[in-house]
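>>> one predicted model, sequence on top.
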Amino acid sequence: MLNSVSAAPEPRSDSPPRRRLSAADRRRQLVAIGLSKIVETPIQDLSMDHVAAEAGISRGLLFHYFPTKTDFYLACIAAAGRRMLRNTAPAPQSPPEEQVREMVRLMVEQIDRRREFYLALVHGHGLADQRVTEVVDSLREGNTARVVEALSLPTPARAVVRAWWAYVEDRTLTWSAEPPDERPVDVAGLVEECVAALDALLEVSASRLAH
């Protein structure tokens, strides 16, 4: 009879070993986590503890990368703005008019999918900071530049195109507030309305410049 007792097996962990990240990679990780949360969560309800826990770091280390909650939030919405610009880029090989239609369609679909988040982006989600406005401005400026370049428009038309993008955003927000089966037009119809509005505005602008 054996008197020895077999050693208990070492406990196994299914969690992958944590990897030390560079400062830049850690910031990107935290912004990605925050971005996924502020789509639905107002800034005043965003838990930094939850963000830190999901990243596997302490709250204090999170604030090492972002000194305040506002700094973290602004980094997240700046990333959101860059993502929207990427997601609304047209195919460069398409004809100019088709590029504009594609940009409008992609913007309409983005806003429709993330209506509450886009409202938060435009209206600051309860955060009064000039940098929020700068993010929205950069998004509009980026889309404006694309239209001006695609249509080879003169410099004076740039202000018209920028104002038109604000119209597209507002029109889409109003349209997307209705239940899908009660909307007066579908996505394609809304795109055509917006493109027609741009054509009309550019025609008026060109007519005034000619005189």
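Yep, it's here.
>>> how much space between Leu209 and Leu119?
35 Å (C-beta to C-beta, to the nearest Å). Every residue, glycine included, has its C-beta placed from N, CA and C.
>>> repeat that for Thr70.
Using C-beta to C-beta, we find Thr70 at a distance of 19 Å from Leu119.
>>> of Leu209 and Leu119, which one has the most company?
Higher neighbour count among Leu209 and Leu119: Leu119, with 15 against 10, using other C-beta atoms under 10 Å.
>>> domains in this structure, by residue range?
If you go by automatic domain parsing, the domain ranges for the chain are 23-75, 92-210.
>>> using a markdown table, lay out those domains together with mean pLDDT.
Output for the domains of the chain, formatted as a markdown table (pLDDT from 0 to 100):
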| stretch | mean pLDDT |
| --- | --- |
| domain 23-75 | 88 |
| domain 92-210 | 89 |
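>>> out of those domains, which gets nearest to Arg82?
Closest to Arg82 of the domains of the chain, according to C-beta to C-beta: domain 92-210, at 8.4 Å.
>>> rewinding a little: got TSV for the domains of the chain, with distance to Gly81 too?
Output for those, formatted as TSV (distance: least, C-beta to C-beta, whole Å):
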stretch	distance to Gly81
domain 23-75	10
domain 92-210	5
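>>> could you work out which of the ones you listed reaches nearest to Leu85?
Closest among the domains of the chain, once you apply C-beta to C-beta, is domain 92-210, at 4.7 Å.
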